[in-house]
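> From the sequence below, what's the structure:
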Amino acid sequence: MDKKILVLGSEPHSRLVTAYNWHEIPLYLNVADYDIVIFNLVSLIEKSHIAKIDFKLIPKPDQLGRFLFSDNSELVIIGYPGIQVQLDANSFMPVDWWLPIELRVIKETGKQITKINPSFRYYFDQVEEWRFPIESYYNLREHLLQYYLPTINPFANILNANITSIAETRYDKFIAFEIKLILAKLINNNYNLDSRENIEIINESGSIIWLPPTTKISHYDAVNLILTKRYGLVLEQEVPDWVKAYKLPTQIPIENRLSNYTAQIQKLQDDLDIAKRGNHSHPPHFKGKYRKRY
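Okay, here's the model as predicted:
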């Protein structure tokens, strides 16, 4: 697969992808450099991590806007919508801080899952329960439109979104869903809300795929599952540094013997070098009689 993949929220996953924990995002990371981005939001709200996160390094809405409207982009999210991340004692950040639409979240939980999109059956085999489904409609976040309308296209003055189901509750609310943002403009000033004839679509974003956390496997393994099943990667596991430093009990005596052999070989080589230098430092000796020539 030639596409560049970025995972934020867990690492390491594979040599084939770039991955960072939320508290280890590098200073100059730009998500718009990638084709596919996976957000593991489960780890973003873990209390043990929040104190370590520098929220100034979290990708900004304008950067994510440029990413979403680049060719063939895809953003996959693992987590629950409607969750707030507590930044400090008095301030919070929604987990969809970058999204220019406000999802209508229903504060309910359950276990029955219906109408699963066959493309995601592999994922929902690992999900036993759900939380916080959403309605199929939304509200605009006016304060975020500046990052999508003039930034993405200077002619756009309307932002809409299509939300389609990936999996639902038994009463038809969305447990998992796909969002596509649409930039458009008015053809004339006599805009009629009930007429599509006065609207010209300019651009459509790549897919935003929102999945609930898995319950049968960890959220780390859920990312690996998506990498293998959706993107077809054969994972070549990146070995953590602590594993590289760890030695098996049977490995230690073998390495000690190899070290001794290496030292002995080096000593013999040193003795040979000394002998060679000593041989060339004295004139040659001739034993026995020799006849003088005239």
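
> pLDDT wise, what is the closest residue to residue 117 other than its chain neighbours at?
Once flanking residues are discounted, residue 117 sits nearest to residue 166: 4.6 Å by CB to CB, 6 or more residues apart in numbering. Quick note: C-beta positions are derived from backbone N, CA and C, even for glycine. pLDDT recorded at residue 166 is 98.

> gap between residue 166 and residue 149?
From residue 166 across to residue 149, the span is 27 Å (CB to CB, to the nearest Å).

> Residue for residue, what is the longest helix this protein has?
As assigned by DSSP state H, the longest helix anywhere in the chain is helix 251-280.

> so residue 185 touches residue 200, yeah?
Yes - the criterion here is CB atoms under 8 Å, and residue 185 meets it with residue 200 at 5.4 Å.

> Look at the residue nearest to residue 219 when sequence neighbours are not counted and tell me its secondary structure.
Once flanking residues are discounted, residue 219 sits nearest to residue 42: 4.0 Å by CB to CB, 6+ apart. Classification of residue 42 using DSSP: H, G, I helix; E, B strand; the rest coil returns helix.

> Please apply the same query to residue 37.
Quick answer, by three-state DSSP: residue 37 is strand.

> Please work out the average pLDDT along stretch 80-98.
On average, stretch 80-98 scores 87.

> how distant is it from the center of its chain?
Offset of stretch 80-98 from its chain centre (CA atoms, centre = their mean, to the nearest Å): 20 Å.

> pLDDT below threshold where in the stretch 151-294 of the chain?
Applying pLDDT under 70 to the stretch 151-294 of the chain flags the ranges 189-196, 236-252, 278-294.

> Can you show me the helices along the stretch 101-250 of the chain?
121-124, 149-152, 219-229, 241-245 (DSSP state H, counting those that start in this stretch).

> hmm, who's touching the third one?
Residues external to helix 219-229 that are found in contact with it (CB atoms under 8 Å, 6 or more residues apart in numbering): 5, 7, 9-10, 13-14, 17, 38, 40, 42-43, 76, 78, 122-123, 126, 211, 213-214, 217, 233-235.

> From these, keep the buried residues only.
Among these, those classed as buried by 16 or more other CB atoms under 10 Å are 5, 7, 9-10, 13-14, 17, 38, 40, 42-43, 76, 78, 123, 211, 213-214, 233.

> correct me, but the residue nearest to residue 219 touches residue 77?
No - between residue 42 and residue 77 there is no contact under CB under 8 Å: 10.1 Å.

> and the closest residue to residue 170 other than its chain neighbours, how many neighbours does it have?
Spatial nearest neighbour of residue 170, chain neighbours left out: residue 112 (4.9 Å); criterion: CB to CB, 6+ apart. Burial of residue 112 is recorded as 11 neighbouring residues (other CB atoms under 10 Å).

> Kindly report the same for residue 227.
Every residue meeting other CB under 10 Å relative to residue 227 is counted, giving 24.

> Over to residue 186?
With neighbours defined by other CB under 10 Å, the count for residue 186 comes to 12.

> show me the contacts for it.
157-158, 198-200.

> mind listing the strands in the stretch 1-150 of the chain by residue range?
According to DSSP state E, counting those that start in this stretch, the stretch 1-150 of the chain carries its strands in the segments 5-8, 18-20, 36-40, 74-78, 84-86, 92-94, 101-105, 109-110, 130-131, 134-140.

> Would you mind putting the CA coordinates of the first one into PDB?
Spelled out, it's strand 5-8. This file holds the C-alpha atoms of strand 5-8, laid out as PDB (Å, rounded to 0.1, in the frame of the first residue of the first chain):
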ATOM      1  CA  ILE A   5      -0.800   6.400   7.300                       C
ATOM      2  CA  LEU A   6      -0.700   8.300  10.600                       C
ATOM      3  CA  VAL A   7      -2.000   7.000  14.000                       C
ATOM      4  CA  LEU A   8      -2.500   9.300  16.900                       C
END
